[in-house]
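K.L.:
Give me a model of this one.
(one chain, ligands or ions: 3)
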Amino acid sequence: MTHWLCVLVQTPAHATLGSVLSYRSESLLTPGTLVRVPLGKRETLGVVWDAESAHATGEFDPEKIRSVAGSLEGIAPLSLAWQQLVTFASQYYQRSIGEVALAALPPQLRELSPEQMQRRLKRGGRSAGHSAPCPPPALGAPPLPAQSTQPPSHLHPSLSPEQATVLQQIHSQSGPFLLFGATGSGKTEVYLHCVQTLLANEPHAQALVMVPEINLTPQLEARFKARFVPLYGEDAVVSLHSGMTNPQRLTSWLAAHSGVARIVLGTRMAVFASMPQLRLIVVDEEHDPSYKSSEGARYSARDLAVYRGRLDGAKVLLGSATPSLESWHHSRPAAEGGRYLRLHMPSRIGASAALPLVRRVDMNHQPRNAVFSIPLLEALKERVARGEQSMVFLNRRGYAPVLQCAECGWKSECPHCSAFRVFHKIDRTLRCHHCGFTERVPRACPTCGNPDIAPLGRGTERLEEHLAELLADVRRPDTVSVDFPEGEPVRVARIDADTTRLKGELQSQLAAVHAGDVDVLVGTQMIAKGHDFRRITLVAAVNPDGALFSSDFRAPERLFSLLMQAAGRSGRDACLGARSEVWIQTFQPAHPLYAALKRHDYPNFANAQLKEREQAGLPPFTAQALVRAEARTQDVAQAFLNAASASAQNDMPQWAGWEPVLAQITLYPAVPMSVQRVANVERAQMLVESPSRGALQQFLSAWQVVLHATRQGPVGKGVIRWAIDVDPLAI
Ligand code: ADP
Ligand code: ZN
Ligand code: ZN
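P.N.:
Ligands and ions are numbered 1, 2, ... in the order given. Alright, predicted model coming up:
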């Protein structure tokens, strides 16, 4: 008997072809089944979808409908909750459902032939070379006896009173939870406990633990493996992130999908992992902008995690020392409309319970153009003398942001972008950080021939060089030898995106810091995040003021969290904690942000920011979306957006029932993006705002159609691409 199926496929973005297509099949396949289907001349991976999507398939002509080529044997259908997650994400972020679904699956499901796939499945979810100490339970197998084996006690600290209280609340309430805990307060330990209790109590339950950056996964993996591999075997803990090879990703995905993996650790992509028995989702450093995708469906993995928790019946635990203002707002008291339960762990664990002392250096009273104030330099020297480490933080890589000719005013502009190319002294290149265009530094000014072109401003590379000069006479007292009777010279090192381009370099550089081979570490935000440096007792931000006056309303929030994170790097070693300090060099020493930072008072800062946002009508008190358009000229990009906006304002009000929705929508005029031209493409954007998220959603899904039509019309000529970004992070 013939069945008609709706199947999701990946079709080119904005193609007239929808992403839900009809196929015929001799057997009835349940929604969620992975299939191979013909599409044009090729065969592609598809997901059988529920029949309700059929309306999206357009004209139904049985004559033209092709047959499903086959299903992927041995792989169970994706769960209903997973299908609902994908449906929600595609609707909320205004992308085709096929694109979202297929992007959420490991690429090898698409790439491997049926024979290769069968061989792959025969090998099982097990990663080659590892054998499990005890076989993990397969789905449907009788449950294992309750876990009685305790891990070695050193892996299992007894809980602090704050941790115990928090865990008790997590176990007795449904959440979602916002764990607001100082760096070093033992949040990770709370996650470990939650997972452990869950796995011990429910024989098949799975937990998803997310971190913002790949760089942080090895540490997390090490802690989770140490805790859970002895209990559940090597296969019970898998990772999922974009740094893995495609075969590795498939292995992890299959292990999660089959239920063999009890714990999945991953970056934002892991929010879509197929986990049929998902019962707990942890989002660590939930405030981190990396949770927002910047291509394809621009989803927020944190927000989707909260939604997914409801679909799967999984508890959701967001954690941060500096929560996003959105989550902070959502976790206000329930009586005021809060939806998350806020849990607080203010104290750091151990003897170093004290938070670092925050010191502000008023740069108005320092020598003009000084990069390092005199007191900071002295403090750095003291640390070296005591055999302690320091970290100097500047959020700009390269040697200098611009190269300039003092004679004619030439600057190192990128010929393809509206941006300057950054001078990298190490290989004497000018590199565009937007399009990647790289050239050797010219010997003389390309305009007037003046040989004296000079760097303007300063990046980490120059800071490192400058600091090494300033500290040239300082000796490390603990390394006296025949060659160095007064001790070896001080060692300054740098970690940023430039020093860590090659795989493994970050790990080896971090290892050198841990081993004490570095006295002063210079770097970008990369070093401020999550790394557990035990011997660092001083953290300095040399020039953080820019964010105070940025046009980006989220800049203060990001600066505060970055400085708090950086502060969290210091004083982690119990014996050194008492002396640890955070130094802020600023021309605005009285600024409320720094005042709050000095008191480690995130709540005060957050509440003040929220008040400002409320008065200014900014998120989270208003919902936003951006539409971006790219074209060869700025005029074309803007004209397209303005035309689509005009037709929303002129035509849509005539649609029945739309007036009340449109009354809640504000469409702003198209403007150039802040970096207006990248790789010779002009970029424009239009902001859409509404006090109601629901109204914005309704409007966007209807306006999509208008945008598509406008693109097909005369004004759309020359538009290279356009995309909607819902809840954009940068405006
Ligand atoms: P966070 O994730 O909040 O920064 P961690 O969970 O990493 O904090 O804990 C900081 C340090 O304290 C880690 O070295 C951890 O092993 C240790 N720690 C956490 N909880 C306890 C505890 N209850 N007893 C002793 N040490 C703990
Ligand atoms: Zn010149
Ligand atoms: Zn460029």
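K.L.:
Just the buried residues of the helix or strand containing residue 230, please?
P.N.:
Assigned by DSSP states H and E, residue 230 belongs to helix 217-232. Going by neighbour count (16 or more other CB atoms under 10 Å), the buried part of helix 217-232 is 217, 219-221, 223-225, 227-232. Backbone N, C-alpha and C define where each C-beta goes, glycine included.
K.L.:
go on, stretch 503-520?
P.N.:
506, 509-510, 513, 518-520.
K.L.:
Now do that stretch: everything it contacts.
P.N.:
215, 218, 380, 383-384, 387, 389-392, 467, 471, 476, 490-493, 495, 499-500, 521, 526, 531, 533-535 (CB atoms under 8 Å, 6 or more residues apart in numbering).
K.L.:
Which single one of the buried residues of stretch 503-520 is nearest to residue 30?
P.N.:
Closest approach to residue 30 among the buried residues of stretch 503-520 (CB to CB): residue 506, at 44.2 Å.
K.L.:
Averaged pLDDT, the helix or strand encompassing that closest one. What do you get?
P.N.:
Secondary structure from DSSP H and E places residue 506 in helix 505-514. Computed over helix 505-514, the mean pLDDT rounds to 85.
K.L.:
do the same with stretch 582-599
P.N.:
Across stretch 582-599, pLDDT averages out at 94.
K.L.:
Find the residue at the geometric middle of this structure.
P.N.:
Central residue of the chain (CA atoms, centre = their mean): residue 290, 1.5 Å from the mean position.
K.L.:
Hmm, residue 284 and that residue touching each other?
P.N.:
No. Using CB atoms under 8 Å as the test, residue 290 is too far from residue 284 to be in contact (11.4 Å).
K.L.:
and residue 475, what does it touch?
P.N.:
Here residue 475 is in contact with 384, 484, 486-490 (criterion: CB under 8 Å, 6+ apart).
K.L.:
Those in strands, which ones?
P.N.:
Among the contacts of residue 475, the members falling in strands (DSSP state E) are 488-489.
K.L.:
Widest-spaced pair of the contacts of residue 475?
P.N.:
Using CB to CB, those reach their maximum pairwise distance at 384 and 484, which is 13.8 Å.
K.L.:
more crowded one of these two?
P.N.:
Neighbours per residue (other CB atoms under 10 Å) separate residue 384 from residue 484, with residue 384 holding more: 22 against 12.
K.L.:
Surely the more buried one and residue 489 touch.
P.N.:
No. Here residue 384 lies out of contact with residue 489, judged by CB under 8 Å, at a distance of 10.0 Å.
K.L.:
overlap in contacts of these two?
P.N.:
Common neighbours of residue 384 and residue 489 (CB under 8 Å, 6+ apart) are 474-476.
K.L.:
Throw those into CSV and include pLDDT, secondary structure and distance to residue 543, thanks.
P.N.:
What follows is these, written out as CSV (pLDDT from 0 to 100; DSSP: H, G, I helix; E, B strand; the rest coil; distance: CB to CB, whole Å):
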residue, pLDDT, secondary structure, distance to residue 543
474, 89, coil, 22
475, 86, strand, 28
476, 84, strand, 27
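K.L.:
from those, which is closest to ligand 1?
P.N.:
residue 476 (26.5 Å; CB to the nearest ligand atom).
K.L.:
Next, the contact list for the closest one, please.
P.N.:
The neighbours of residue 476, taking CB under 8 Å, 6+ apart as the test, are 384, 387, 487-491, 519.
K.L.:
at 10 Å instead, please
P.N.:
384-385, 387, 484, 486-491, 516, 519 (CB atoms under 10 Å, 6 or more residues apart in numbering).
K.L.:
Can you list the residue ranges for strands in the stretch 101-250 of the chain?
P.N.:
Secondary structure of the stretch 101-250 of the chain (DSSP state E, counting those that start in this stretch): strands at 177-181, 206-210, 237-240.
K.L.:
What residues are recorded as beta-bridge partners of whatever residue of the stretch 251-400 of the chain ends up closest to ligand 2?
P.N.:
Of all residues in the stretch 251-400 of the chain, residue 400 sits closest to ligand 2, at 16.5 Å by CB to the ion. Applying DSSP bridges to residue 400 yields these beta-bridge partners: residue 423.
K.L.:
what ranges of the protein fall below the confidence cut-off?
P.N.:
Residue ranges of the chain with pLDDT under 70: 12-18, 51-61, 124-156, 351-353, 530-532, 570-579.
K.L.:
how does it divide into domains?
P.N.:
3-104, 161-345, 357-397+459-616, 402-456, 623-726 (automatic domain parsing).
K.L.:
circling back to that earlier point, show me the one of the strands of the stretch 101-250 of the chain that comes nearest ligand 2.
P.N.:
Among the strands of the stretch 101-250 of the chain, strand 206-210 sits nearest to ligand 2 (CB to the ion), with 50.4 Å.
K.L.:
Chain neighbours aside, what residue packs nearest to the residue in the stretch 551-700 of the chain that ligand 2 sits nearest to?
P.N.:
Residue nearest to ligand 2 within the stretch 551-700 of the chain: residue 677 (23.2 Å; CB to the ion). In this structure, residue 677 finds its nearest non-sequential neighbour in residue 418, 4.3 Å apart by CB to CB, 6 or more residues apart in numbering.
K.L.:
since we're on that neighbour, how many residues are nearby?
P.N.:
For residue 418, the neighbour count with other CB under 10 Å is 17.
K.L.:
give me the element it is part of.
P.N.:
Per DSSP H and E, there is no helix or strand for residue 418.
K.L.:
For it, give me its contacts.
P.N.:
Residue 418 is in contact with 434, 634, 672-678, 682-683, counting by CB under 10 Å, 6+ apart.
K.L.:
Which ones, among those, also lie beside ligand 3?
P.N.:
Of the residues in the contacts of residue 418, proximity to ligand 3 by CB under 5 Å from the ion holds for residue 434.
K.L.:
Looking at the contacts of residue 418, which is nearest residue 66?
P.N.:
Nearest to residue 66 out of the contacts of residue 418 is residue 683 (CB to CB; 39.7 Å).
K.L.:
Distance of the nearest residue to the closest one once chain neighbours are set aside relative to ligand 1?
P.N.:
Closest residue to residue 683 apart from its sequence neighbours, by CB to CB, 6+ apart: residue 673 at 4.2 Å. When CB to the nearest ligand atom, to the nearest Å is the yardstick, residue 673 and ligand 1 sit 36 Å from each other.
K.L.:
Help me confirm that residue 673 comes into contact with residue 627.
P.N.:
No. With contacts counted by CB atoms under 10 Å, residue 673 stays clear of residue 627, the gap being 11.3 Å.
K.L.:
overlap in contacts of these two?
P.N.:
Counting by CB under 10 Å, 6+ apart, the common neighbours of residue 673 and residue 627 are 684-685.
K.L.:
Count the neighbours of the residue of the stretch 251-400 of the chain closest to ligand 2 for me.
P.N.:
By the other CB under 10 Å criterion, the neighbourhood of residue 400 contains 21 residues.
K.L.:
Can you tell me how far it is from residue 261?
P.N.:
Using CB to CB, to the nearest Å, residue 400 is found at 47 Å from residue 261.
K.L.:
same thing with residue 28?
P.N.:
30 Å.
K.L.:
Between these two, which is the more surrounded one?
P.N.:
Legend: neighbour count by other CB under 10 Å for residue 28 and residue 261, higher for residue 261 (27 against 10).
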